[in-house]
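Student: All I have is the shape, not the residue letters:
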Ligand SMILES: C[S@@+](CC[C@H](N)C(=O)[O-])C[C@H]1O[C@@H](n2cnc3c(N)ncnc32)[C@H](O)[C@@H]1O
């Protein structure tokens with residue numbers, strides 16, 4: 001509940017926003033999701049999962065049966081290898097979940113998701129998320145299966161979530177579409193940055209498009225890995241790393257901000273083989 005939202009920064013306000021994320025499963029993986037109470041995905045949707053925060057609402061779409069299970073709530077932030085052995089290690093980007101009361105299942109998921117404009121990398125929030133929850137409350141399987149659904153635990157928990165969603169009064173930009181990893185080698189980015197926070201300084205001569213660094217990080221490293229940029233310029237690599245949960249050391253011959261260490265790239269003061277990736281956009 002926001003009591004003094006005017007005192008919070010935009011990013012603190014954004015951190016209180018409840019988002020609704022949809023993850024996918026198939027017939028062979030659904031049971032493991034529900035018994036472990038863990039949802040997982042591979043690297044393709046890794047960027048989505050690492051943005052999930054504890055308290056966000058989650059829905060599980062079985063794409064083979066075209067059904068949608070809900071309503072779940074994240075009990076951890078999204079992370080990497082929470083349970084390394086789950087799904088035989090195939091889906092390492094994971095989030096632990098709890099159900100709000102009874103699991104409710106809706107059929108014809110594809111058409112409902114289309115109606116709400118919800119995809120795996122466009123989570124819902126605010127009014128659209130509240131309307132999506134209404135859909136679960138009215139789902140025939142819920143109304144039929146839960147005796148006196150108006151007083152059921154799921155009903156009151158979902159209504160509590162609707163109140164939590166309505167209590168968010170922040171007026172800040174919201175990340176509507178989470179970028180995914182490029183699937184071809186032809187990359188064309190219309191903007192220097194992505195997401196809510198600027199990455200580097202787009203006025204810096206020779207600044208690197210942030211999505212190039214983003215794609216390199218997602219192709220060659222995992223969350224928590226160490227990336228080094230010996231010619232960090234305005235700090236784009238540091239900012240991308242922060243958002244994508246990588247550790248970054250940034251050097252430049254002329255440091256433009258306190259987190260860039262002044263250093264000539266002809267000598268890098270690190271042990272050999274001590275980092276996971278080096279990114280350089282040289283002059
Ligand atoms: C193309 S810019 C890098 C832009 C950066 N990736 C960004 O997004 O802001 C190249 C950078 O290399 C730095 N540089 C040039 N010679 C260097 C050297 N010998 N050691 C370290 N940095 C150097 C420049 O100061 C410049 O910031």
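Tutor: Perfect, I can see it now. It should be emphasised that the depicted structure is a prediction, and the values quoted were computed from it without experimental measurement. Residues are numbered from 1 along each chain as shown.
Student: from here on, contacts and neighbour counts on C-alpha atoms
Tutor: OK.
Student: could you measure residue 81 against the ligand, distance?
Tutor: Here residue 81 is placed at a distance of 30 Å from the ligand (Cα to the nearest ligand atom, to the nearest Å).
Student: for residue 241, that is, sorry about that
Tutor: To the ligand, residue 241 is 12 Å away according to Cα to the nearest ligand atom.
Student: what's the answer for residue 219, then?
Tutor: Separation of residue 219 from the ligand (Cα to the nearest ligand atom) stands at 18 Å.
Student: Contacts only, for that residue.
Tutor: By Cα atoms under 8 Å, 6 or more residues apart in numbering, the contact set of residue 219 is residue 181.
Student: Could you count how many residues lie near residue 117?
Tutor: Neighbourhood size, residue 117 [other Cα atoms under 10 Å]: 12.
Student: ugh, typo on my part, it should be residue 111
Tutor: Neighbours of residue 111 (other Cα under 10 Å): 11.
Student: Could you confirm it falls within a strand?
Tutor: No - using DSSP: H, G, I helix; E, B strand; the rest coil, the assignment for residue 111 is helix, not a strand.
Student: can you pull the pLDDT of it?
Tutor: With respect to pLDDT, residue 111 has a value of 95.
Student: Quick check: closest non-adjacent residue to residue 64.
Tutor: residue 26 (5.5 Å; Cα to Cα, 6 or more residues apart in numbering).
Student: Which residues of this structure lie near the ligand?
Tutor: When proximity is defined by Cα under 6 Å from any ligand atom, the chain lies next to the ligand at 200, 206-208, 230-236, 252-254, 263-266, 281-283.
Student: Can you pick out the ones from these that are in strands?
Tutor: residue 252 (DSSP state E).
Student: surely residue 17 meets residue 168?
Tutor: Yes - judged on Cα atoms under 8 Å, residue 17 makes contact with residue 168 at a distance of 6.3 Å.
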